[in-house]
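> fold the following and give me the result.
(one chain, ligands or ions: 2)
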Amino acid sequence: MAAGAIDYGELVREDQVHARLYYDDAIFRDEMERIFSRVWAYVGHESEVAEPGEFVARWMGLQPVLLVRDRNRRLHLLLNRCRHRSNTVCQLERGKAAGGFRCAYHGWTYAASGELIGMPYPVGYAPGDFRKEDYGLIEVALESYRGFLFGHLNPNGKTLRDHLGATTRLIDQAIDLAPNGELILRAGVLKHMYRANWKMTMENVLDAYHPPILHQSAFHLDSGKSFNWDSIYGPDGNARIRDLGDGHGQIDFSAQNRKSGGFFFQGLRGEVAGDAQRAYIEGLERRLGKERAAETIGNSDPHFSIFPNFNFLPPGQVRLIRPVSVDETHIYYFPALLAGAPEEINRERIRRNGYMHGPAGLVAPDDIDVYERNQDALRARKDEWLLLRRGLRTERRDEDGFRVGMAYEETTQRGIWRHYRKLMSDATGGAAQ
Ligand code: FES
Ligand SMILES: [Fe+2]
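Ligands and ions are numbered 1, 2, ... in the order given. Predicted coordinates for the structure are as follows:
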């Protein structure tokens, strides 16, 4: 290791991690380089840019990109940086670039495909000194898994499918719930910003220890005080946490979903019972057949995370995590609607997205308060280790070889950190990621 280099093997141990990983600027800069420049990162869903010319502005780590569909319906991920003197060519978050993108500084204009199509006074370049085709917006590698789009700044041979590994099964599970076999993410977005490190969200989403404690009041409001949450999260509970490798993980509620008729957490209870529910089930049966439809409904929406910046939470919420600085993070919540489902059901999925996670929601605001308190407490500099030891000695492997723990253990967080240590310890940009 070079002198002065950060020893990630020392900071990330099997059973504890050092506080510095959440507050050190140099570590944040390393992460942007060694993680966000070297792995597939989530950038959006095909349905967000369904029409030619539609675009959304996103980021690969700190780098601004545009996800855009060109006039021939091809998708592109382009660095949002004018090739003349550097300037964002688009400042909107989303829209339709009918005439392409025009840089405000000197007016260079790019098609939605990124191609440079015009500039004022081209005569400024001597003949042979400049070829337009060499100066299109820079294209970033983009791959789709069933509509979910991931970008890679420095492709190293690892395909998106390699990266997603076992999470493809969970993506399939989410999509299978749609009678038309497709998810649609065009119902808007909720946003949170918080003053704490981005990894706190990644850990929290796979932390099934805190829900019955931190979210107790939310659970009481949502399901009544008599519901026995220990039957899910406690020592006899049926929820499990699973480390899916490569920093990905899952909280597996499928046993509870099956026990409660498949509608647990799915946004299909109560208000939308009855006709809409029946129509939904019939729609699903038409595509999958009775047996598979029942099984799909039984499994319901999965709860999982794809390293480094994607989460999927029931009922049908896609999260995109955007690190902004070592102690500032933005989270985007997109309701994922079920194509072909009755309107009442999709309306309920949108409603529950806000009800649970909106600015006045029952759940996410509590998590966010906790992240900021975590970050505040990191200023206390005695014994700076954060424990990850719960269940370390008792975790098992499932039939697929993945580590599994009880809801109140820390198997999934250890999975994130194990992968993190591997990526961060490799300063060379090796091909392994
Ligand atoms: S910087 Fe964009 S046209 Fe000059
Ligand atoms: Fe939470």
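> near ligand 1, which residues of this structure are found?
82, 84-85, 87, 103, 105-108 (CB under 6 Å from any ligand atom). (C-beta placed from N, C-alpha, C; glycine too.)
> neighbours of Ser47, how many?
18 (other CB atoms under 10 Å).
> beta partners for the closest residue to it other than its chain neighbours?
Residue nearest to Ser47 in three dimensions, not counting chain neighbours: Ile184, with 4.6 Å by CB to CB, 6 or more residues apart in numbering. For Ile184, the beta-bridge partners are Leu337 (DSSP bridges).
> and Ile184, how far from Ile138?
30 Å (CB to CB, to the nearest Å).
> so which strand or helix has the residue of the stretch 201-350 of the chain at minimum distance from ligand 1?
Distances between the stretch 201-350 of the chain and ligand 1 by CB to the nearest ligand atom are smallest at Val324, namely 24.2 Å. For Val324, the host element (DSSP states H and E) is strand 317-325.
> and the contacts of the helix or strand encompassing Val65?
Per DSSP H and E, Val65 falls inside strand 63-69. With CB atoms under 8 Å, 6 or more residues apart in numbering as the test, strand 63-69 has contacts from 36, 43-44, 48-59, 75-81, 88-90, 97, 101, 112, 114, 137, 140, 142, 149, 151, 153.
> hmm, the residue nearest to Ser47 is touching Gly340, no?
No. Contact between Ile184 and Gly340 fails when scored by CB atoms under 8 Å: they sit 9.8 Å apart.
> so which of these two has more stuff around it?
Ile184 (22 against 17).
> contact partners for the more buried one?
Ile184 makes contact with 47, 336-339 under the criterion CB under 8 Å, 6+ apart.
> reformat those residues as TSV; add pLDDT.
Shown next, in TSV, are the contacts of Ile184 (pLDDT from 0 to 100):
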residue	pLDDT
Ser47	98
Ala336	97
Leu337	96
Leu338	96
Ala339	97
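> between the residues you listed, which is nearest Asp30?
Ala336 (32.5 Å; CB to CB).
> what's the neighbour count on Tyr355?
A total of 17 residues lie near Tyr355 under the criterion other CB under 10 Å.
> mind checking how far it is from Val363?
Counting by CB to CB - Tyr355 and Val363 are separated by 9 Å.
> which among the residues of the chain next to ligand 1 count as buried?
Applying 16 or more other CB atoms under 10 Å to the residues of the chain next to ligand 1, the neighbour count classes 82, 103, 108 as buried.
> excluding residues flanking it in the chain, which one is nearest the last one?
So the one you mean is Trp108. Closest residue to Trp108 apart from its sequence neighbours, by CB to CB, 6+ apart: Met119 at 4.7 Å.
> ok, that neighbour - contacts?
By CB under 8 Å, 6+ apart, Met119 lies in contact with 84, 106-109.
> what's the domain layout of this structure?
41-152, 166-425 (automatic domain parsing).
> the longest one: end-to-end distance?
Spelled out, that is domain 166-425. 24 Å (CA to CA, to the nearest Å).
> would you list every one of the helices in the stretch 251-400 of the chain?
Counting by DSSP state H, counting those that start in this stretch, one finds helices in the stretch 251-400 of the chain at the ranges 254-259, 275-299, 343-357, 364-377.
> please identify the buried residues of the shortest one?
Going by neighbour count (16+ other CB under 10 Å), the buried part of helix 254-259 is 254, 256-258.
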